[in-house]
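S.K.: Sequence and predicted structure below; questions after.
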Amino acid sequence: MTGFKNITVEQLLTKLQQDDLKLIDVRTGAEIARGKIPQGDALPLHLLPLRLNELDKSAATVFYCQMGGRSAQAAAFAAGNGFSDVYNLQGGITAWAHAGLPVS
């Protein structure tokens, strides 16, 4: 059991409109500088263990990276540390951009 759910770009769009959720970009600063999902907040994966306490454990939290691998690690880590509503964006920002959605 991973403790988190995978979410598609379409499902994320719905959640962004309906829910008060936290969107966390776990890529490196250099990757983020090339573009990010506008609603996303940067928290590189290597800093997650140090800064996890800055996030609300009860809030819906979606992690994303370039393709979905690192964000799955982040989601599993958060779920293992008491986060109750955790998601991994399948395909990451690549899927987001391929869907024609804005990258800032």
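M.R.: Yep, that arrived. In this text the structure is predicted, and so the values were computed from the model without any measurement.
S.K.: Bridged to the closest residue to Leu89 other than its chain neighbours, which residues?
M.R.: Excluding its sequence neighbours, the residue lying closest to Leu89 (CB to CB, 6 or more residues apart in numbering) is Tyr64, at 3.8 Å. (Each C-beta comes from the backbone N, C-alpha and C, glycine too.) Going by DSSP bridges, Tyr64 is paired in beta bridges with Asp25.
S.K.: ok, now Leu89?
M.R.: Counting by DSSP bridges, the residues bridging with Leu89 are Ile7.
S.K.: quick one, what contacts the residue nearest to Leu89?
M.R.: Leu23, Ile24, Asp25, Val26, Ile37, Gly40, Ser71, Asn88, Leu89, Gly92, Ile93, Trp96 (CB atoms under 8 Å, 6 or more residues apart in numbering).
S.K.: Just the closest of those to Pro49, please.
M.R.: Proximity of the contacts of Tyr64 to Pro49 (CB to CB) peaks at Val26, which lies at 11.7 Å.
S.K.: separation between the closest one and Ala72?
M.R.: 10 Å (CB to CB, to the nearest Å).
S.K.: ok, now Leu23?
M.R.: 15 Å.
S.K.: Over to Asp56?
M.R.: Asp56 is 21 Å from Ala72, by CB to CB.
S.K.: out of the two, which sits in the busier spot?
M.R.: Neighbours were counted for Asp56 and for Ala72 using other CB atoms under 10 Å; Ala72 has more, 21 against 11.
S.K.: now the helices for the protein?
M.R.: 9-18, 29-33, 48-51, 69-80, 92-98 (DSSP state H).
S.K.: quick one, what contacts the residue nearest to the spatial centre of the chain?
M.R.: By CA atoms, centre = their mean, the chain has its centre lying nearest to Phe63, at 1.4 Å. Going by CB under 8 Å, 6+ apart, Phe63 touches Ile24, Val26, Ser71, Ala72, Ala74, Ala75, Ala78, Val86, Tyr87, Asn88, Leu89.
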